[in-house]
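Novice: quick check, what structure comes out for this input:
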Amino acid sequence: MLGLFGALHRQGAIGIASLPEYWRNHWGDLDDFVAAGADGFEIVNCAPKAIGFPAVARAHVLRIAEARDLLVVGASDNHGWAR
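Specialist: The predicted structure follows:
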């Protein structure tokens, strides 16, 4: 997955690591994402699994993004309530 950021850059795209739904699986990978070339992080979306992304974790990601001048984005990501 870390190679994806370089592949996106070679095609002229940006690479955003989506955290709200998957933060538990990748919390330890934040520095690796940055080192691999992530351009930023998604920290908010409306998907049901994303509701559990804690505010303290979101604040930590904001500090990383600010220190490294990375993008921070939110998305609707709503595929229907209760799904």
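
Novice: show me where the chain has its strands.
Specialist: 16-18, 40-45, 71-75 (DSSP state E).

Novice: may I see those strands arranged in TSV, with mean pLDDT, distance to Met1 and mean neighbour count as well?
Specialist: Where C-beta positions appear, they are placed from N, C-alpha and C, glycine not excepted. Rendered in TSV, the data for the strands of the chain read as follows (pLDDT from 0 to 100; distance: least, CB to CB, whole Å; neighbours: other CB atoms under 10 Å):
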stretch	mean pLDDT	distance to Met1	mean neighbour count
strand 16-18	91	9	20
strand 40-45	91	14	20
strand 71-75	91	18	14
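
Novice: got JSON lines for those, with distance to Leu8 too?
Specialist: Output for the strands of the chain, formatted as JSON lines (distance: least, CB to CB, whole Å):
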{"stretch": "strand 16-18", "distance to Leu8": "9"}
{"stretch": "strand 40-45", "distance to Leu8": "12"}
{"stretch": "strand 71-75", "distance to Leu8": "13"}
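
Novice: mind checking how far Ala75 is from Asn25?
Specialist: 18 Å (CB to CB, to the nearest Å).

Novice: can you list the buried residues in the lowest-mean-pLDDT helix or strand in the chain?
Specialist: Least confident helix or strand, the chain: helix 23-26 with a mean of 87, by mean pLDDT, DSSP states H and E. Neighbour counts over helix 23-26 (16 or more other CB atoms under 10 Å) mark Trp23 as buried.

Novice: from the chain's centroid, how far away is it?
Specialist: Mean C-alpha position of helix 23-26 versus that of the full chain (CA atoms, centre = their mean, to the nearest Å) differs by 10 Å.

Novice: keeping just the C-alphas, turn it into PDB.
Specialist: Taking C-alpha atoms only, helix 23-26 is exported to PDB below (Å, rounded to 0.1, in the frame of the first residue of the first chain):
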ATOM      1  CA  TRP A  23      -7.700   4.100  11.700                       C
ATOM      2  CA  ARG A  24      -7.600   1.100  14.000                       C
ATOM      3  CA  ASN A  25      -5.900  -0.900  11.200                       C
ATOM      4  CA  HIS A  26      -3.400   1.800  10.300                       C
END
